[in-house]
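**Q** take this sequence and fold it.
(2 chains)
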Amino acid sequence: MSAPSVLYDAPGPKAKTRNVLYTVLFGLVLAAVAWFTISGLAEKGQLEGAKWSPFLLGSTWTEYLLPGLLNTLIAAGLSIVIALPIGFVLGIARLSEHRWISMPAGALVEFFRSLPVLILMIFANELFARFMDVDRDVRPLAAVVTGLVLYNASVLAEVVRAGILSLPKGQSEASMALGLRKGQTMRIILLPQAITAMLPAIVSQLVVILKDSALGGALVGYAELFAQYRYISNNYQNLIPTMIVIAVVYIVINTLLTTFASWLEKRMSRRGRPTVGGGLVEEQAPGMEFTGLRTGDNL
Amino acid sequence: MDLLSKYDVLGAFWVTVQLTFYSAVGALIWGTILAGMRVSPVPLMRGIGTVYVNVVRNTPLTLIIMGTSLGLYSTLGVVLTTKSDKDLLFLPSNNFWLAVLGFVAYTGTFVCESLRSGINTVPVGQAEAARALGLKFTQTLGIIVLPQAFRAVIAPLASVLIALTKNTTVASAIGVAEAAVLMSKMIEFDSQYLFLIFGIIALGFVILTLPTGLFLGAVAKKVAVKR
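**A** Model prediction:
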């Protein structure tokens, strides 16, 4: 352990032997769990080469996984690109001094923040099918993106608000003293600084969007990465290996994004800039202020 | 208003509440164990805890929930219900508990991270000062560190549990008859009332999540340690 912990002092000789004992005991428990899992899988024949070899074929990747991944990225990309400007407008509107602007914006944000994304997707899907005549081919994508945009725009609105509020008060006071108008203060002074503060939170919101897009595959019929498990496991009867491979793809992408977010955050805090926390964005609850808790430096 | 008499809206939301309750209890326990591992002085425990949290947190919940049903039950034959497999309630009950298992595995990672970040908000100097005063390990933890950490943890932990309430809709992927399944069913038969149906279901979730959020947010603000 490099940094001193708030919980433990640097271990002395007695604590060191005790730690060795704990390591051994925990290792035994771990080995038992691993053995149960592996023998369980082997008993059901899930470890046979035939179930895993499809993933060595180029065709499994080019026909199923990569097109699925592309669809996932399209949905996630569209969602963040549409949600960001809406989030900015809502977030700034909520900070307005005019109650007739800030109240409706606040109500809208809190309403959509308190709904599950799935409910929004189901609603959008039926809305497009029955009332709006959206073409069948693009309807699942449209439904998934609409659901993701409605939810994430309201989450991003809170990120924007927290980003602007995180700036020292002196910034807007100084710009007022220079005779800038409110709009100018926001545009020239506050927003540019707030955007850098928000970057980590925006990147980690992308992780949330990527994960939530899998809902569209399972329940709205959008052919994204997760939905490909049906075709692959139908072809090769290898459900568990397929799910594991798909999970690994998600984990790799999301880990890269999370690492990028915490790198951004660290870089900014090194420069003494305020940041709006990354890691826990997903767990923002309606009605609560953006917690902005950092996930800790040793992530 | 015959929509409300035709469909068991309260029943569906009751299932949502039950899913949330059992998952929350499990996730709090599992998350505490994980947090204990991640802050322990034993490198192996820390490593495993970190790997578990980062792997599970970055996996879509949908995949985890469907994995419990298709993977654990259909392929590996894991059964979590006491009902016999001839009972009509066997599948619903089994799927319910499989979903709870999935939510516990997933939400536990967020509980763990909240607890850990709560502990991290306590400055090292606090513990050092406590040790310098001659307090023992249990005293340092019980009198100095945990009371401060606990107050910092209320807000994120409340957020995690409210997010869990919303996430329980994912259980509809394996057919647990909660609010999202009811919404699909209502839309299937009465799609002309789409906006009304959406309004009813949305209202249910707003009632479940918003007051709790406002209340716990205020509590967290009140008890926060000013630094």
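**Q** how near is residue A:36 to residue A:8?
**A** Residue A:36 sits 31 Å away from residue A:8, going by CB to CB, to the nearest Å. C-beta: built from backbone N, CA, C; applies to glycine.
**Q** neighbour count for these two, which is higher?
**A** residue A:8 (17 against 10; other CB atoms under 10 Å in any protein chain shown).
**Q** how close does the more buried one sit to residue A:151?
**A** 41 Å.
**Q** try residue B:124
**A** Distance from residue B:124 to residue A:151, by CB to CB: 38 Å.
**Q** higher neighbour count, the two?
**A** residue A:151 (26 against 13).
**Q** let me know the pLDDT of that one.
**A** In this model, residue A:151 is scored at 93, pLDDT.
**Q** interface residues of the stretch 1-150 of chain A facing chain B?
**A** A:1, A:3-9, A:11, A:15, A:19, A:22-23, A:26-27, A:30, A:40-41, A:44, A:46, A:110-111, A:114-119, A:122-123, A:126-127, A:130-131 (CB under 8 Å from any CB of the partner chain).
**Q** try it again at 7 Å.
**A** When proximity is defined by CB under 7 Å from any CB of the partner chain, the stretch 1-150 of chain A lies next to chain B at A:1, A:4-9, A:11, A:19, A:22-23, A:26-27, A:30, A:40, A:44, A:46, A:110-111, A:114-116, A:118-119, A:122-123, A:126-127, A:130.
**Q** from residue A:158, how far out is the closest residue to chain A within chain B?
**A** Evaluated by CB to the nearest CB, chain B has residue B:213 as its residue closest to chain A, separated by 3.1 Å. Counting by CB to CB, the gap from residue B:213 to residue A:158 is 12 Å.
**Q** just checking, what packs against whatever helix or strand residue B:166 lives in?
**A** Residue B:166 belongs to helix B:146-167 when assigned by DSSP states H and E. Judged by 3 or more CB pairs under 7 Å, 6 or more residues apart in numbering or on different chains; DSSP states H and E, the packing partners of helix B:146-167 are helix B:9-38, helix B:90-120, helix B:194-223.
**Q** packing partners of the helix or strand just after it?
**A** Sequence-wise, the next helix or strand downstream of helix B:146-167 (DSSP H and E) is helix B:179-189. Judged by 3+ CB pairs under 7 Å, 6+ apart, helix B:179-189 is in contact with helix A:117-126, helix B:9-38, helix B:194-223.
**Q** got the buried residues for helix B:179-189?
**A** B:179, B:180, B:181, B:182, B:183, B:184, B:186, B:187 (16 or more other CB atoms under 10 Å in any protein chain shown).
**Q** state the mean pLDDT of it.
**A** 88.
**Q** ditto for stretch B:117-127
**A** Mean predicted lDDT for stretch B:117-127 stands at 87.
**Q** likewise for stretch B:47-67?
**A** The pLDDT scores in stretch B:47-67 average 91.
**Q** go on, stretch B:75-95?
**A** 79.
**Q** now do it: distance to the chain's middle.
**A** In terms of CA atoms, centre = their mean, to the nearest Å, the gap separating the centre of stretch B:75-95 from the centre of its chain is 23 Å.
**Q** one more: stretch B:173-189?
**A** Here the centre of stretch B:173-189 is set off from its chain's centre by 21 Å, with CA atoms, centre = their mean.
**Q** ok, stretch A:127-136 next?
**A** Worked out by CA atoms, centre = their mean, stretch A:127-136 lies 29 Å from the chain centre.
**Q** who touches it?
**A** Applying CB atoms under 7 Å, 6 or more residues apart in numbering or on different chains, the external contacts of stretch A:127-136 come out as A:139, A:142, A:143, B:191, B:194.
**Q** JSON lines for those, including neighbour count, distance to residue A:163 and secondary structure?
**A** Converted to JSON lines, these look like this (neighbours: other CB atoms under 10 Å in any protein chain shown; distance: CB to CB, whole Å; DSSP: H, G, I helix; E, B strand; the rest coil):
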{"residue": "A:139", "neighbour count": "20", "distance to residue A:163": "35", "secondary structure": "helix"}
{"residue": "A:142", "neighbour count": "21", "distance to residue A:163": "30", "secondary structure": "helix"}
{"residue": "A:143", "neighbour count": "26", "distance to residue A:163": "30", "secondary structure": "helix"}
{"residue": "B:191", "neighbour count": "14", "distance to residue A:163": "40", "secondary structure": "helix"}
{"residue": "B:194", "neighbour count": "18", "distance to residue A:163": "36", "secondary structure": "helix"}
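**Q** which residue in these has the weakest pLDDT?
**A** Looking at these by pLDDT, the weakest one is residue B:191, with 81.
**Q** contact partners for that one?
**A** Contact partners of residue B:191, counting by CB under 7 Å, 6+ apart, are A:126, A:130.
**Q** tally of neighbours for residue A:129?
**A** 16.
**Q** return the most buried member of the helices and strands packed on helix B:146-167.
**A** With neighbours taken as mean count of other CB atoms under 10 Å in any protein chain shown, these reach their highest mean count in helix B:90-120, at a mean of 23.
**Q** tell me what that helix is packed against?
**A** helix B:9-38, helix B:43-57, helix B:61-66, helix B:146-167.
**Q** now check the second one, is it near chain A?
**A** Yes - residues of helix B:43-57 are located near chain A by CB under 7 Å from any CB, namely B:44, B:45, B:48, B:54, B:55.
**Q** and that helix, what's buried?
**A** Neighbour-count burial for helix B:43-57 [16+ other CB under 10 Å]: B:44, B:45, B:46, B:48, B:49, B:50, B:52, B:53, B:54, B:56, B:57.
**Q** how far away is residue A:105 from residue A:84?
**A** Taking CB to CB, one finds residue A:105 at 16 Å from residue A:84.
**Q** one more: residue B:56?
**A** 28 Å.
**Q** same check on residue B:135?
**A** Relative to residue A:84, and taking CB to CB, residue B:135 is found at 50 Å.
**Q** and the two? which has more neighbours close in?
**A** residue A:84 (19 against 16).
**Q** that one is in contact with residue A:156, isn't it?
**A** Yes - taking CB atoms under 7 Å as the definition, residue A:84 is a contact partner of residue A:156 at 6.2 Å.
**Q** quick revisit: dump the helices and strands packed on helix B:90-120 to a markdown table, plus distance to residue A:267.
**A** Supplementary listing: those in a markdown table, determined by distance: least, CB to CB, whole Å:
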| stretch | distance to residue A:267 |
| --- | --- |
| helix B:9-38 | 24 |
| helix B:43-57 | 21 |
| helix B:61-66 | 30 |
| helix B:146-167 | 24 |
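**Q** for residue A:215, find the nearest of those.
**A** helix B:61-66 (5.2 Å; CB to CB).
**Q** quick one: is the closest one near chain A?
**A** Yes - with CB under 7 Å from any CB as the criterion, chain A is reached by helix B:61-66 at B:61, B:62, B:63, B:66.
**Q** what's the neighbour count on the first one?
**A** Residue crowding around residue B:61 was assessed by other CB under 10 Å; the count is 23.
**Q** if we can go back for a sec, and the two most separated of the buried residues of helix B:179-189?
**A** The widest separation within those (CB to CB) is 12.5 Å, between B:179 and B:187.
**Q** just for chain A, where's the confidence low?
**A** A:1-4, A:274, A:277-299 (pLDDT under 70).
**Q** at 50 what do you get?
**A** Applying pLDDT under 50 to chain A flags residues A:1-2, A:278-283, A:291-299.
**Q** spit out the contact partners of the residue lying closest to residue B:103 once chain neighbours are set aside.
**A** Leaving aside its sequence neighbours, residue B:103 sits nearest to residue B:23 (CB to CB, 6 or more residues apart in numbering or on different chains; 3.6 Å). Contact analysis of residue B:23 by CB under 7 Å, 6+ apart lists B:100, B:103, B:104, B:107, B:164.
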